[in-house]
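**Q** Quick one, fold the following:
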Amino acid sequence: MKIVLETEPRNLPALDITFADQRIERLLFNYRARNYPGTLDEAEQQRWLEHRRQVFTPEFLQTYADELQMLYQQYADDKEKLAQLKALWQYAQDIV
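**A** Alright, predicted model coming up:
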């Protein structure tokens, strides 16, 4: 995995790595899609869009928002945690 982290984002699609565990390919795709969406070709963009539609359902997002709200109240006095919770909410907004 070190090679993935050391590779320039624009070169990630060209990596020719064979993984013993086929789940790693999906994880690499998700890593690219989340962190470097500009490296996805048109078919991969469609695949990522479909994945997001399947995962981020309205029900999921409501549950997620409720949980973040509960945590926000729980850590109301912790500015660092509040900043992290806000970042998580913003990420969810950006990805859907």
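
**Q** C-alpha from now on. contacts and neighbour counts both.
**A** OK.

**Q** contacting residues for the closest residue to residue 10 other than its chain neighbours?
**A** Leaving aside its chain neighbours, residue 10 sits nearest to residue 39 (5.9 Å; criterion: CA to CA, 6 or more residues apart in numbering). With contacts defined as CA atoms under 8 Å, 6 or more residues apart in numbering, residue 39 is in contact with 9-10, 12-13, 32-33.

**Q** Can you tell me how far the most centrally placed residue in the chain is from residue 46?
**A** By CA atoms, centre = their mean, the mean C-alpha position of the chain lies nearest to residue 34, the distance being 4.2 Å. With the distance defined as CA to CA, to the nearest Å, residue 34 ends up 14 Å from residue 46.

**Q** can you check residue 76 too?
**A** Per CA to CA, residue 76 is found 39 Å from residue 46.

**Q** Output the lowest mean pLDDT helix or strand found in this protein.
**A** Each helix and strand of the chain was given a mean pLDDT (mean pLDDT, DSSP states H and E); the minimum falls on helix 2-6 at a mean of 85.
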